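Asks: prediction below, plus the sequence it came from.
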Amino acid sequence: MMIRIAEIEVNATSLEEYKAILKEESRESMKLEPGVISIYPMYQKENPTQIRILEIYASRAAYEAHLKTPHFLKYKTSTLNMVKSLKLTEMDAIDAEAMPRIFKKIKE
């Protein structure tokens, strides 16, 4: 499994457009890619230009495949000038066995 947190700062003037594009990309990734376990975008309440994305992939190969999808490439090219900074932090799960139970508890 591959887990990462993306920390993104977005230009305030582009925030609403950026969020709409990101929302579409994350939904398409979850719907179309079996190797994408989570692409969960969120923002800081007190500073909405600070975006965080919890990314969980079944494997490094699933992540590499994700980078080549049309929806990801559209997101990346569409938002390039909206992003002020991007930091990607690789993470490890403390309790990977609990992850299936956590996601199972969420009801649509």
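Replies: That came in fine, so what should we check first? Numbers count the residues shown, from 1 in each chain.

Asks: wait, residue 79 touches residue 15, no?
Replies: No. Assessed by C-beta atoms under 8 Å, residue 79 is found out of contact with residue 15, at 11.0 Å. All C-beta spots, glycine's among them, are computed from the backbone N, C-alpha and C.

Asks: out of the two, which sits in the more crowded spot?
Replies: Ranked by neighbour count (other C-beta atoms under 10 Å), residue 79 and residue 15 place residue 79 first, with 18 against 15.

Asks: separation between that one and residue 24?
Replies: Per C-beta to C-beta, to the nearest Å, residue 79 is found 11 Å from residue 24.

Asks: how about the strands in this structure?
Replies: With strands called from DSSP state E, the chain shows them at 2-10, 36-43, 50-57, 83-91.

Asks: winner for burial among those?
Replies: strand 50-57 (a mean of 18; mean count of other C-beta atoms under 10 Å).

Asks: max-length helix in this structure?
Replies: Ranked by residue count under DSSP state H, the longest helix found in the chain is helix 15-32.

Asks: who touches it?
Replies: Defining contact as C-beta atoms under 8 Å, 6 or more residues apart in numbering, one finds that helix 15-32 is touched by 10-11, 36, 38-41, 43, 48-49, 51, 53, 66, 69, 71-72, 74-75, 78-79, 82-83.

Asks: let's see 7 Å
Replies: Applying C-beta atoms under 7 Å, 6 or more residues apart in numbering, the external contacts of helix 15-32 come out as 10, 36, 39, 41, 48-49, 66, 71-72, 75, 78-79, 82.
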